[in-house]
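Undergrad: Sequence first, predicted coordinates after that:
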Amino acid sequence: MERVPVLKIGDILLVSIQIDMEDQTALQLQEDLADRIVETGCHGVIIDISALDIVDSFVGRTLATIASISRVLDAETVVVGMRPAVAITLVELGLSLPGIRTALNVELGMALLARERDFEFKDIDDDEDDADEAVVAAS
Amino acid sequence: MTAGDDIAAMETLAIRSDQDVVRVRQLVRTLAVSVKLSLVDQTKLVTAASELARNTLVYGGGGTVAAGRVDNGRRSGIRIVFSDQGPGIPDLDLALTDGYTTGGGLGLGLSGARRLVDEFDIDTAVGQGTTISVIKWCR
Amino acid sequence: MALSTDEVGRFAGLLESNGDALTTAWTDAVATLLRGRLSHAELHRQIAELQKGFQSALAGGAGDLEADAAGELRGLLSELSNTRARQGFSATETAVSIFALKEAMLTVLGQDGDINATTLRDYVSFSAFVDRAGLFTFDSYVRAREELISDQAEQLLELSTPVVKLWEGVVAVPLVGTLDSARAQVVMERLLQTLVDTGSPYAIIDITGVPAVDTQVAQHILKTVVAARLMGADCIISGIRPQIAQTIVALGIEFGDIATKASLADALRHVLRKADVNAGRRGAGRRES
């Protein structure tokens, strides 16, 4: 079974799904991400699905579960790059992915996450010690 | 066009594991491209196939899929038949209701798949297994 | 019911010996039916060609329109229906051009003065052959029209669904005309693709040019908005005229939390304000209020 790599970029974990996932691969990703969030203390997760030509209800449900788990671990998840044909199909399928934040591409996804964190800390003294240097680590 | 002609031209695969579900998607995608279904229709058909293949695996305890090209004189399309020897579906109307599930899913597999294809036939009896046949026509 | 070899031979002979008289009688009959919409010379040329087609088909021994020898005749007939369809003639006007041959034939047959049982029987079976040719013409006329219509529909689809970039990060699609399923799908796909291509997080769907909104149209728009949201873009619906607002409420269509604005200008203002708020959040400390 193939594994989907999880990359750390600054305060964000980036996952780019490039393969037609078996259900087991998707569940493994869900587990890996939870581990990595705790391990790195990241506050944002970006899942790039621009390479996926379909998202069925299983993958949709896994994405929703990942978003919920991340939220519990104080990380916001953004799913980016959904193809138009995939979005149209999901609407027809009746899957609206509630609770998942989405953006058109990785860049907009990162801006969205930055906005969220900024907003959250706007009124508080921004004295987070979290290392801000960009550390890129491939898992 | 007789049923015999149909089956002869169809490719069959066994559905026994997660990997087989991926194989079904790949087979259907190749067929959908070969009859020149539009991108959105390809996506809808492959998604429906993925849902139904997973149903066959999870609820039917595995089974087979046969897929091939159909022609009704006016237009061509793809026909896919999923069959299993599983427990069958006791209440079909209920099973086709959005959100109804016995397997812990989202309950969108059967009802959602039906919305993604042009023709949807289901033949099931308790203890006898289930056969689902779907067709997607080119526009 | 195919013609017998004897009949075929007799007809071929008849067509050949009476060629000119037949052409004239046939042309006259058609000219009356078409009431001068084609010049006499042109009609004469067409008819002469058709007649030659019939003649060579019969001379080649074609007892039936499906026969190999009738290939050229079939070609001529479909060409005739093609041009007539494109010139805007009706199906009747096209088909009677063939049926008129029977009338012309009768004129020619009557000239000898002795109409007996054999000529009558011949005439009836020849009529049947012409009828089949007429029906064939009718069929190809319908096919030609269908092609014409689907071509035009496709062109219309191309013409009527532009997606324009209105501002940095804002695209708009002005919908004009009736929104049926096929068009709604094209619009939907094109809008969503443009969002991806331009990386625009905002889209305005302007329905000023849509004459009526029914449940189905509303459903299509709603699906587009939901799909755009799934992709991470926000849609605003603008150009809702008073009448349409009334219909929407009367039909009980729920737009939910989708922003609706009366005019495109309002929608753009709304989007820019929203975009500004978002940009403002990001650059919190840097912006002067």
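TA: Ah, there it is.
Undergrad: what's the burial count for C:S17?
TA: 11 (other Cβ atoms under 10 Å in any protein chain shown). For glycine as for every other residue, the C-beta is placed from the backbone atoms N, C-alpha and C.
Undergrad: got the contact list for it?
TA: Neighbour list for C:S17: empty [criterion: Cβ atoms under 8 Å, 6 or more residues apart in numbering or on different chains].
Undergrad: what do you get if the cut-off is 10 Å, keeping everything else the same?
TA: By Cβ atoms under 10 Å, 6 or more residues apart in numbering or on different chains, the residues touching C:S17 are C:V108.
Undergrad: Next: C:R273.
TA: Counting by Cβ under 10 Å, 6+ apart, C:R273 makes contact with nothing.
Undergrad: Let's see stretch A:1-18 as CSV, backbone CA atoms only.
TA: C-alpha atoms of stretch A:1-18 as CSV (Å, rounded to 0.1, in the frame of the first residue of the first chain):
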residue,chain,number,x,y,z
MET,A,1,0.0,0.0,0.0
GLU,A,2,1.3,3.4,-0.9
ARG,A,3,1.5,6.2,1.6
VAL,A,4,0.7,9.9,1.1
PRO,A,5,3.6,12.1,2.2
VAL,A,6,3.0,14.9,4.8
LEU,A,7,5.3,17.9,4.4
LYS,A,8,5.9,20.6,7.1
ILE,A,9,6.3,24.1,5.8
GLY,A,10,6.6,26.7,8.6
ASP,A,11,3.4,26.4,10.7
ILE,A,12,1.6,24.4,8.1
LEU,A,13,1.4,20.7,7.2
LEU,A,14,1.0,20.2,3.4
VAL,A,15,-0.4,17.1,2.0
SER,A,16,-0.6,16.7,-1.8
ILE,A,17,-2.6,13.6,-2.8
GLN,A,18,-1.1,12.4,-6.1
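Undergrad: Report the residue spans of chain B with pLDDT below the cut-off.
TA: Applying pLDDT under 70 to chain B picks out residues B:1-8, B:103-108.
Undergrad: Tell me the residue of it that sits nearest chain C?
TA: Nearest residue of chain B to chain C, counting by Cβ to the nearest Cβ: B:V40, 6.2 Å away.
Undergrad: Provide the backbone phi and psi angles at the closest residue to that residue other than its chain neighbours.
TA: Excluding the flanking residues, the one nearest B:V40 by Cβ to Cβ, 6 or more residues apart in numbering or on different chains is A:A85, at 4.6 Å. Note on A:A85: its backbone torsions stand at phi -60, psi -40 [degrees, to the nearest 10].
Undergrad: And stretch A:43-53, what's buried?
TA: By neighbour count on 16 or more other Cβ atoms under 10 Å in any protein chain shown, the buried set for stretch A:43-53 is A:43-50, A:52-53.
Undergrad: follow-up on the earlier one: now do the same contact list for the residue nearest to B:V40.
TA: A:A85 neighbours (Cβ under 10 Å, 6+ apart): A:53-54, B:38-44, B:46-47, C:189, C:192-193, C:227.
Undergrad: filter these to the buried ones?
TA: With burial judged by 16+ other Cβ under 10 Å, the buried subset of the contacts of A:A85 is A:53-54, B:39-44, B:46-47, C:189, C:192, C:227.
Undergrad: could you pull out the helices for chain B?
TA: For chain B, the helices defined by DSSP state H occupy B:3-8, B:18-34, B:39-58, B:92-95, B:109-116.
Undergrad: Residues of chain C that sit close to chain B?
TA: Counting by Cβ under 10 Å from any Cβ of the partner chain, the residues of chain C close to chain B are C:182, C:185, C:188-189, C:192-193.
Undergrad: Quick one: neighbours of B:G86, just the number.
TA: Neighbourhood size, B:G86 [other Cβ under 10 Å]: 20.
Undergrad: typed the wrong thing, it's A:E39
TA: Look at A:E39: counted by other Cβ under 10 Å, it has 11 neighbours.
Undergrad: From B:D41, how far off is whatever residue of the stretch 51-200 of chain C ends up closest to chain B?
TA: Proximity to chain B, evaluated over the stretch 51-200 of chain C using Cβ to the nearest Cβ, is greatest for C:E189 at 6.2 Å. Remark: distance between C:E189 and B:D41 (Cβ to Cβ, to the nearest Å) = 11 Å.
Undergrad: Tell me the residues of chain B that contact chain C?
TA: Residues of chain B lying near chain C (Cβ under 10 Å from any Cβ): B:38-41, B:139.
Undergrad: among the helices of chain B, which is the most enclosed?
TA: Comparing the helices of chain B by mean neighbour count (mean count of other Cβ atoms under 10 Å in any protein chain shown), helix B:39-58 ranks first with a mean of 25.
Undergrad: How far off centre is that one?
TA: What separates the centre of helix B:39-58 from the centre of its chain is 7 Å, taken as Cα atoms, centre = their mean, to the nearest Å.
Undergrad: what does stretch C:229-243 give?
TA: When C-alpha coordinates are averaged (Cα atoms, centre = their mean), stretch C:229-243 and its chain have centres 31 Å apart.
Undergrad: And stretch A:62-73, by the same measure?
TA: Stretch A:62-73 sits 9 Å away from the centroid of its parent chain (Cα atoms, centre = their mean).
Undergrad: cool, and stretch C:128-135?
TA: With Cα atoms, centre = their mean as the basis, stretch C:128-135 stands 26 Å off its chain's centre.
Undergrad: Over to stretch C:147-165?
TA: Per Cα atoms, centre = their mean, the centroid offset for stretch C:147-165 relative to its chain is 12 Å.
Undergrad: mean confidence for it?
TA: The pLDDT scores in stretch C:147-165 average 78.
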